[in-house]
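Colleague: sharing a model that was predicted from the sequence below.
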Amino acid sequence: METLTKYEETLMRIFWKLKRALVRDVLNELPEPKPPYTTLASNIKLLEKKGFLDHKSYGKILEYFPTISQSDYRKNTFNELVEDYFDGSVENVLSFMVKEKGLSEKDMEELQKLIDNMGNSSQP
């Protein structure tokens with residue numbers, strides 16, 4: 001799966017929210033300053049070319065919809081992040097979170113509960 005630019009991710013979040021949308025629907029969701037309609041349409045076409053969107057035609061009107069779910073994209077992006085920046089180690093991710101993000105004692109307790117619950121659910 002290709003990596004998206006920040007702007008492309010912004011557009012995809014709009015599509016995931018709306019499920020189906022015309023270019024003007026996406027334009028209405030974007031904050032000011034809004035891009036020109038033709039620029040936005042070109043960016044949407046690029047997302048389609050990358051395989052993130054498809055469309056249904058109603059004459060000259062194109063309605064776009066996501067072909068990749070937000071959860072699949074999130075999973076893939078996170079896995080790439082872990083591989084690229086943490087040598088594929090979940091331990092390195094957790095260590096970073098504790099050291100760099102300043103997890104509180106409560107955060108760590110909740111994380112431990114989550115780990116414990118996941119361990120219990122994998123038992124027959």
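Modeller: Received it, and whenever you're ready, just let me know what you need. Residues are numbered from 1 along each chain as shown.
Colleague: once you drop chain neighbours, what's closest to Met1?
Modeller: Spatial nearest neighbour of Met1, chain neighbours left out: Asn76 (4.9 Å); criterion: CB to CB, 6 or more residues apart in numbering. Every C-beta, even on glycine, is put in place using the N, C-alpha and C of the backbone.
Colleague: please identify the helix or strand for the one you found.
Modeller: helix 70-86 (DSSP states H and E).
Colleague: now Asp72. Nearest residue, chain neighbours left out?
Modeller: In space, Asp72 is closest to Met1, 8.0 Å off (CB to CB, 6+ apart).
Colleague: would you check that the one you found makes contact with Arg74?
Modeller: No. When contacts are counted by CB atoms under 8 Å, Met1 is not listed as touching Arg74 (11.2 Å).
Colleague: for the two, indicate the residue with more neighbours.
Modeller: Applying other CB atoms under 10 Å to Met1 and Arg74 shows that Met1 carries more neighbours, namely 14 against 10.
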